[in-house]
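Peer 1: let me see the structure of the following:
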Amino acid sequence: MNTHNPNDFRYRVRRSGDVSAPTRFDRVPLAVRTLSSNTLFQGEHEIGIEHHGALYRLKITRQGKLILNK
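Peer 2: Have a look, this model is predicted:
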């Protein structure tokens, strides 16, 4: 089961401007390009994604979750 990881791709760690506290870090949300699953799937339950010559299959399960297979 996946859990929240504060070091994941959505956050960038940036040093505070305070020189007296060089070990202090602030989290800054990154601007991530976001697409709706409705836009991607357009009513289908499975799509193909070509990546570096390999075909991946992104599927919506009966429970509404996404699964990516190579």
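Peer 1: so what pLDDT did Val19 get?
Peer 2: The model reports Val19 with a pLDDT of 53.
Peer 1: next one: the one 3 residues further on
Peer 2: What the model reports for Pro22 is a pLDDT of 51.
Peer 1: how long is stretch 52-70 end to end?
Peer 2: One end of stretch 52-70 to the other measures 12 Å (CA to CA, to the nearest Å).
Peer 1: pLDDT (mean, whole number) over it?
Peer 2: If you average the pLDDT over stretch 52-70, you get 97.
Peer 1: and for the residue lying closest to Ile60 once chain neighbours are set aside, the neighbour number?
Peer 2: Excluding the flanking residues, the one nearest Ile60 by CB to CB, 6 or more residues apart in numbering is His45, at 4.9 Å. Yep, even glycine has a C-beta here, placed from its N, CA and C like the rest. Using other CB atoms under 10 Å, His45 has 10 other residues around it.
Peer 1: with Leu58 instead?
Peer 2: By other CB under 10 Å, 16 other residues sit near Leu58.
Peer 1: and Gly53, by the same measure?
Peer 2: The number of residues packed near Gly53 is 5, by other CB under 10 Å.
Peer 1: please apply the same query to Leu40.
Peer 2: Neighbour count of Leu40, defined by other CB under 10 Å: 13.
Peer 1: and the helix or strand that contains it, what does it pack against?
Peer 2: Using DSSP states H and E, Leu40 maps to helix 37-41. Helix 37-41 is packed against strand 54-60, with contacts defined by 3 or more CB pairs under 8 Å, 6 or more residues apart in numbering; DSSP states H and E.
Peer 1: just checking, the residue nearest to Ile60 touches Arg62?
Peer 2: No - counting by CB atoms under 8 Å, His45 does not reach Arg62; the two are 9.2 Å apart.
Peer 1: tally of neighbours for Lys59?
Peer 2: Using other CB under 10 Å, Lys59 is surrounded by 14 other residues.
Peer 1: what's the answer for Ile60, then?
Peer 2: Number of residues near Ile60 (other CB under 10 Å) recorded here: 16.
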